[in-house]
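Engineer: Provided below for reference: sequence and predicted model.
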Amino acid sequence: MTLQDLDLKQLEAFAAVIAAGSVTAAARTLNRSQPVVSRLIQDLEQSLGYPLFLRNGPRIHPTEEALQLHQYVQKALVSLQQIRQRAQEIGQQQHRPLSIAATPALAAGLLPQALSMLGLQNKVQIISESAEQTAHAVITAEADIGLCSLPLEHHAVQLHWIGQSRCVVALPQHDPLAAEKSLALGSLAGRRLIAPWNPQRLRGRFARALQKLQTPPHETIETNSSANILACVRAGLGVAILEPVTAWGMPLEGVVIRSLEEDIPYFFGVITPQGRQLTTAAAALIAALEKAAAELLPVFQLLPAGEHGRVMRIINQE
């Protein structure tokens, strides 16, 4: 099979059948007849050389090969739709959308507050990804701005500034420790802990701090989402040491946030593609993010980009 054998209409029909669950429903979505959609699927299967659906009378089920293929087809169709939109906007001289990549905590806890400070005229696209994927989106210029935890040193990105705040403790509302204004790590000894899963980021730093305790907390649940951590704390599944952006930016009823007596700093930064001229909208958002962080985060410190090396030495020596 060659690339020329793949027909866009066939791929659209394939994706529609996967999403809709039947040829009939896919035909309605595509505004085509059922026989046309069936023919497109059969032609695609012939080009690929393997079946995409198991047929049992009027019902069909995707094969394992179809499910594997679908993730790539879906990404390609989304990219094509974006090209169509950009081409239309260029032709109509519309404002180019402001594309922002951010980790889930920063996308939900800080970014909306910053956007609310702007008189937005541009369309905004928010891509919420892992720290590594967020940086990659800026490196490849898929995103105009990236908002991500450190490290953020790469030759293909420009680091504008670094933000520093302090990690906090999240407790169920009726926990006895909730009566305290601040907590020492030792007060969590023996408690059940809800922890972030990525050992290369904050998780590893939390673990090193807790190792100093004679009776460290017992980790019961790991998750890659700070919002999940807060939800688990509210359900009484344990306590958590948490980055401050979600804690203060997305307060959850039934959960109280207390400061830590030990300083476990949280660092994040704002990046843009190296060599790309900043648009007016991007420059305004970078300034708004700085203002929003200062208003939201207690003991917030703004560090220049040149401090990245020093900050990483601090993180690595903890």
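Structural biologist: Structure received.
Engineer: quick one: low-confidence parts of the protein?
Structural biologist: When residues are selected by pLDDT under 70, those of the chain lie in 1-5, 57-58, 85-86, 88-96, 198-201, 203-204, 213-217, 219, 318.
Engineer: which stretches in it count as strands?
Structural biologist: Here the chain has its strands, by DSSP state E, at 53-56, 59-62, 98-102, 124-128, 145-149, 157-166, 168-172, 182-183, 192-196, 218-223, 240-242, 255-260, 265-273, 301-304.
Engineer: okay if I get those strands as CSV plus distance to Leu8 and mean neighbour count?
Structural biologist: No exception for glycine: its C-beta is placed from N, CA and C like everyone else's. What follows is the strands of the chain, written out as CSV (distance: least, C-beta to C-beta, whole Å; neighbours: other C-beta atoms under 10 Å):
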stretch, distance to Leu8, mean neighbour count
strand 53-56, 19, 12
strand 59-62, 20, 14
strand 98-102, 24, 24
strand 124-128, 23, 15
strand 145-149, 31, 27
strand 157-166, 33, 20
strand 168-172, 48, 23
strand 182-183, 58, 16
strand 192-196, 41, 22
strand 218-223, 38, 14
strand 240-242, 45, 27
strand 255-260, 48, 20
strand 265-273, 29, 23
strand 301-304, 48, 13
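Engineer: JSON lines for the ones you listed, including distance to Ser47?
Structural biologist: Shown next, in JSON lines, are those (distance: least, C-beta to C-beta, whole Å):
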{"stretch": "strand 53-56", "distance to Ser47": "15"}
{"stretch": "strand 59-62", "distance to Ser47": "17"}
{"stretch": "strand 98-102", "distance to Ser47": "33"}
{"stretch": "strand 124-128", "distance to Ser47": "32"}
{"stretch": "strand 145-149", "distance to Ser47": "38"}
{"stretch": "strand 157-166", "distance to Ser47": "40"}
{"stretch": "strand 168-172", "distance to Ser47": "53"}
{"stretch": "strand 182-183", "distance to Ser47": "62"}
{"stretch": "strand 192-196", "distance to Ser47": "44"}
{"stretch": "strand 218-223", "distance to Ser47": "41"}
{"stretch": "strand 240-242", "distance to Ser47": "50"}
{"stretch": "strand 255-260", "distance to Ser47": "53"}
{"stretch": "strand 265-273", "distance to Ser47": "37"}
{"stretch": "strand 301-304", "distance to Ser47": "55"}
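Engineer: and of those, who's closest to Arg39?
Structural biologist: Of all the strands of the chain, the one in closest proximity to Arg39, counting by C-beta to C-beta, is strand 53-56 (13.5 Å).
Engineer: sheet partners, orientation included, of that closest one?
Structural biologist: strand 59-62 (antiparallel) (DSSP bridges).
Engineer: what sits up against the partner strand?
Structural biologist: Outside of strand 59-62, the residues within contact range by C-beta atoms under 8 Å, 6 or more residues apart in numbering are Val17, Ile18, Ser22, Val23, Leu52, Phe53, Leu54, His70.
Engineer: what subset of the residues you listed is buried?
Structural biologist: By neighbour count, with 16 or more other C-beta atoms under 10 Å, the contacts of strand 59-62 hold Val17, Ile18, Val23, Leu52, Phe53, His70 as buried.
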